[in-house]
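> Prediction below, plus the sequence it came from.
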Amino acid sequence: MAATPERASATPRRKAGRHRGEGQWAAGHFTPLNGNEQTKKDDDGLNARTRIETIYAHRGFDSIDGADLRGRMRWWGLYTQRKPGIDGGKTAILEPEELDDEYFMMRVRVDGGRLTTEQLRVVGEISEEFARGTADITDRQNIQYHWIRIEDVPEIWRRLEAVGLSTTEACGDTPRVIIGSPVAGIAEDEIIDGTSAIDEIHRRYIGSKEFSNLPRKFKTAVSGSPVLDVVHEINDIAFVGVRHPEHGPGFDLWVGGGLSTNPKIGVRLGAWVPLEEVPDVWAGVASIFRDYGYRRLRTRARLKFLVADWGPAKFRQVLEDEYLRRPLIDGPAPEQPVQRWRDHVGVHRQQDGRYYVGFAPRVGRVDGTTLTKIANLAEAHGSGRLTTTVEQKMIVLDVTEDQVESLVAGLEALDLQVKPSPFRRGTMACTGIEFCKLAIVETKGRGSSLIDELERRLPEFDEPITINLNGCPNACARIQVADIGLKGQLVMDDNGRQVEGYQVHLGGALGLEPGFGRKVRGLKVTAAELPDYVERLLRRFQEEREDGERFATWAARAEEEALT
């Protein structure tokens with residue numbers, strides 16, 4: 001109904017002014033509003049490969065253009081690593097060129113976490129020959145090298161690509177690795193196998209300039225496992241296996257999850273997506289991010305901010321009306337998982353009667369020699385394939401029953417435990433100050449030593465517990481959704497000295513009642529005090545918990561005094 005003159009005049013007029021906008025392409029804002037956007041407009045990051053192969057690999061580190069070095073080379077999985085000897089207090093003070101070492105971290109994308117034994121052997125050989133033995137398993141199923149020289153990059157690419165691996169868009173403002181259930185296609189309880197969708201998304205879109213200039217990173221998860229094994233709640237887009245009462249197995253669609261300094265749990269769009277439509281729906285959501293995503297401020301350039309501003313109803317409508325040009329089918333939410341552990345560690349029966357064997361390295365840290373030995377061990381026991389998990393673990397697939405016991409013994413001889421303690425199983429750590437330019441404190445070594453201390457001090461503790469160590473506030477190790485999340489920062493010790501330490505988050509969770517951990521005001525712990533603090537905390541949990549109560553539930557209700 002048209003407004004009457006009286007009603008119209010009663011509506012306050014908005015003061016005319018100049019609206020800066022958020023740099024959204026769909027609103028016509030194509031002029032770059034910051035240096036990162038200008039760099040991407042000047043040249044697509046995918047084009048940097050030619051310069052790496054034809055110029056930089058021949059002329060050396062000093063020949064690398066600055067915009068490539070700290071920008072476009074990420075499109076090929078390359079970050080400069082931290083120069084040795086720079087303490088955490090200088091992380092935010094020094095200029096990038098002062099932090100840069102002349103070596104690189106290289107990330108190998110492992111979509112769906114799937115590796116053949118041949119691929120793993122090549123990964124191990126590259127580690128030994130070019131990366132000083134380094135090869136970390138990340139919590140997004142990738143493998144990361146360090147100490148990579150620019151002169152060696154073309155040969156590394158040649159060897160990886162010869163066995164079907166790559167570093168294409170492993171970093172940068174691109175679609176990152178597509179994480180998937182590490183037991184897709186084999187688990188006895190699987191709802192639906194999403195492997196074909198992962199492969200089709202990769203074939204169509206990874207390395208394509210259609211999505212090589214996104215506002216920032218774009219993280220994808222696809223899993224048909226009922227144990228919810230791909231941390232779907234904190235991805236930009238996730239497809240979660242469900243059974244529709246009329247249409248059968250398919251996927252529930254989630255968008256807008258992410259952690260870092262502004263954590264948000266993803267939201268359901270209430271849509272059921274059949275397997276064959278997953279790539280199209282994925283492209284639709286990625287297109288919304290490309291066209292409507294915020295590009296003015298890097299701190300707001302993730303999909304989670306757009307989803308928060310629009311809400312799920314508007315987001316779904318734009319997806320349907322502007323990109324898919326058809327409605328999506330309404331569908332059910334995934335059921336809550338029964339299992340407390342979602343990492344598939346241990347010996348488990350497959351659909352075909354064979355077994356898969358999951359094992360736990362220490363905080364994802366392995367080396368090239370060990371990876372080669374794992375590949376050889378798997379082959380010797382009849383397996384030709386393995387997977388990595390989002391918990392920094394690995395799994396050997398397709399083992400016959402008569403080979404299981406011998407394989408387990410071989411893995412444990414390499415300190416790769418199939419029946420780990422809760423502390424070995426539940427502790428993860430990011431790269432930390434050893435190599436990362438953003439880090440403030442050490443993580444990998446500290447996580448490993450913490451495991452040893454807790455196993456010695458609490459040998460009878462048998463509850464699932466997650467302890468996540470992060471070297472800075474960016475949450476690569478998912479501190480906000482851990483039972484005990486440790487965010488690296490500099491703190492004051494009892495003598496008034498500034499030392500490495502952690503802000504503590506308690507009671508975060510994914511899968512079972514997802515939510516972020518509780519921060520107790522002023523609760524920080526020095527690195528030296530960390531084992532004492534965690535031991536004290538876990539003993540109080542054991543004393544005060546109710547029957548069957550999870551740590552996260554206890555931490556949410558506990559008095560502050562019990563958490564300090």
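Cool, the structure landed.
> quick one, helices of the stretch 451-564 of the chain?
Taking DSSP state H, counting those that start in this stretch as the test, the helices found in the stretch 451-564 of the chain are 530-544, 551-557, 560-563.
> what comes up buried for the first one?
For helix 530-544, the buried set under the neighbour-count rule, 16 or more other C-beta atoms under 10 Å, comprises 530-531, 533-535, 537-538, 540-541. In short, each C-beta sits where N, CA and C put it, glycine included.
> quick one: average pLDDT of it?
Per-region confidence: helix 530-544 scores 98 on mean pLDDT.
> Same question for stretch 466-476.
Mean pLDDT, taken over the full extent of stretch 466-476, equals 95.
> who's in contact with it?
For stretch 466-476, the external contacting residues (C-beta atoms under 8 Å, 6 or more residues apart in numbering) are 91, 139, 259-261, 263, 363, 423, 426-433, 436, 438-443, 446-447, 450, 477-479, 482-489, 502, 534.
> Out of the residues you listed, name the ones that lie in strands.
Among those, the members found in strands (DSSP state E) are 427-429, 484-489, 502.
> picking that back up, just the buried subset of the contacts of stretch 466-476, please.
When neighbours are counted using 16+ other C-beta under 10 Å, these contain these buried positions: 91, 139, 259-260, 263, 363, 423, 426-433, 436, 438-443, 446-447, 450, 477-479, 482-489, 502, 534.
> can you put the ones in strands among the contacts of stretch 466-476 in a markdown table and add pLDDT and distance to residue 237?
Listed next are the ones in strands among the contacts of stretch 466-476 as a markdown table, based on pLDDT from 0 to 100; distance: C-beta to C-beta, whole Å:
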| residue | pLDDT | distance to residue 237 |
| --- | --- | --- |
| 427 | 98 | 28 |
| 428 | 97 | 23 |
| 429 | 98 | 26 |
| 484 | 98 | 29 |
| 485 | 97 | 24 |
| 486 | 97 | 28 |
| 487 | 96 | 26 |
| 488 | 96 | 29 |
| 489 | 95 | 31 |
| 502 | 97 | 31 |
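> just curious, which of these is nearest to residue 84?
residue 488 (17.9 Å; C-beta to C-beta).
> The closest one is in contact with residue 502, isn't it?
Yes. Taking C-beta atoms under 8 Å as the definition, residue 488 is a contact partner of residue 502 at 5.8 Å.
> Now list whatever residues contact both of these two.
Residues touching both residue 488 and residue 502 (C-beta under 8 Å, 6+ apart) are 441, 469.
> Return the closest of the buried residues of helix 530-544 with respect to residue 334.
Closest to residue 334, out of all of those and judged by C-beta to C-beta, is residue 541, at 28.4 Å.
> since we're on residue 452, how many residues are nearby?
Around residue 452 sit 13 other residues, with neighbours defined as other C-beta atoms under 10 Å.
> Setting the sequence-adjacent residues aside, check what's closest to residue 407.
With sequence-adjacent residues excluded and distances taken as C-beta to C-beta, 6 or more residues apart in numbering, residue 407 is closest to residue 381, at 4.3 Å.
> sorry, that was for residue 43
According to C-beta to C-beta, 6+ apart, the nearest residue to residue 43 is residue 72 (6.7 Å).
> Please list all residues in contact with the one you found.
Residues in contact with residue 72, defined by C-beta under 8 Å, 6+ apart, are 39-40, 43-45, 47-48, 172.
> try 7 Å
Shown here is residue 72, whose contacts under the criterion C-beta atoms under 7 Å, 6 or more residues apart in numbering are 39, 43, 45, 48.
> Could you measure from it over to residue 409?
47 Å (C-beta to C-beta, to the nearest Å).
> for residue 373, same thing?
Here the criterion is C-beta to C-beta. By it, residue 373 lies 13 Å from residue 409.
> Among those two, which residue is more densely surrounded?
Relative neighbour count places residue 373 above the other of residue 373 and residue 409, with 19 against 11, counting by other C-beta under 10 Å.
> Identify each buried residue in stretch 466-478, please.
Within stretch 466-478, the residues that count as buried by 16+ other C-beta under 10 Å are 466-472, 474-478.
> and if you look at stretch 544-564?
Judged by neighbour count using 16+ other C-beta under 10 Å, the buried positions of stretch 544-564 are 550-556, 558, 562-563.
> can you put those residues in JSON lines and add pLDDT?
Written out in JSON lines, the entries for the buried residues of stretch 544-564 read as follows (pLDDT from 0 to 100):
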{"residue": "550", "pLDDT": "94"}
{"residue": "551", "pLDDT": "96"}
{"residue": "552", "pLDDT": "95"}
{"residue": "553", "pLDDT": "95"}
{"residue": "554", "pLDDT": "97"}
{"residue": "555", "pLDDT": "96"}
{"residue": "556", "pLDDT": "94"}
{"residue": "558", "pLDDT": "95"}
{"residue": "562", "pLDDT": "92"}
{"residue": "563", "pLDDT": "95"}
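> which of these lies closest to residue 462?
Nearest to residue 462 among the buried residues of stretch 544-564: residue 551, at 12.4 Å, using C-beta to C-beta.
> Quick check: that closest one touching residue 483?
Yes. Applying C-beta atoms under 7 Å, one finds residue 551 in contact with residue 483, separated by 4.5 Å.
> between those two, what contacts are shared?
When contacts are counted by C-beta under 7 Å, 6+ apart, residue 551 and residue 483 have residue 465 as shared neighbours.
> rewinding a little: can you tell me which two in the buried residues of stretch 466-478 are farthest apart?
The two members of these with the most space between them (C-beta to C-beta) are 466 and 472, at 19.1 Å.
> Would you mind writing the CA trace of stretch 200-213 as PDB?
Extracted C-alpha coordinates of stretch 200-213, given in PDB (Å, rounded to 0.1, in the frame of the first residue of the first chain):
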ATOM      1  CA  GLU A 200      34.900 -33.100  -9.700                       C
ATOM      2  CA  ILE A 201      35.300 -29.800  -7.800                       C
ATOM      3  CA  HIS A 202      39.100 -30.200  -8.100                       C
ATOM      4  CA  ARG A 203      38.900 -31.000 -11.800                       C
ATOM      5  CA  ARG A 204      36.700 -28.100 -12.700                       C
ATOM      6  CA  TYR A 205      37.800 -25.300 -10.400                       C
ATOM      7  CA  ILE A 206      41.200 -25.700  -8.800                       C
ATOM      8  CA  GLY A 207      43.700 -23.800 -10.800                       C
ATOM      9  CA  SER A 208      40.900 -22.100 -12.800                       C
ATOM     10  CA  LYS A 209      40.900 -18.300 -13.000                       C
ATOM     11  CA  GLU A 210      37.200 -18.400 -12.300                       C
ATOM     12  CA  PHE A 211      38.000 -18.500  -8.600                       C
ATOM     13  CA  SER A 212      41.700 -17.500  -8.400                       C
ATOM     14  CA  ASN A 213      40.900 -14.000  -7.000                       C
END
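> From the chain's centroid, how far away is it?
Using C-alpha atoms, centre = their mean, to the nearest Å, the distance from the centre of stretch 200-213 to the centre of the chain it belongs to is 19 Å.
> Can you tell me what sits against that stretch?
Residues outside stretch 200-213 that contact it (C-beta under 7 Å, 6+ apart) are 40, 44-46, 75, 111, 168-169, 173-175, 178, 279, 282-283, 286, 290.
> Those residues, buried ones only, as a ChimeraX selection?
In ChimeraX, selecting the buried portion of the contacts of stretch 200-213, with burial taken from 16+ other C-beta under 10 Å, looks like this:
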select :40,45,46,75,111,168,169,173,174,175,178,279,282,283,286,290
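> Mind checking which of the contacts of stretch 200-213 land in strands?
Of the contacts of stretch 200-213, the ones assigned to strands by DSSP E are 175, 178.
> if you look at the contacts of stretch 200-213, which of them are in helices?
40, 279, 282-283, 286, 290 (DSSP state H).
> Which of those sits closest to residue 359?
Checking the ones in helices among the contacts of stretch 200-213 against residue 359 with C-beta to C-beta, the nearest one is residue 282 at 31.4 Å.
> show me what contacts that closest one?
Contacts were defined as C-beta under 7 Å, 6+ apart; by that measure residue 282 touches 201, 220, 237.
> Count the residues that sit near the first one.
Using other C-beta under 10 Å as the criterion, residue 201 is surrounded by 23 other residues.
> do the same with the last one
When neighbours are defined as other C-beta under 10 Å, residue 237 has 28 of them.
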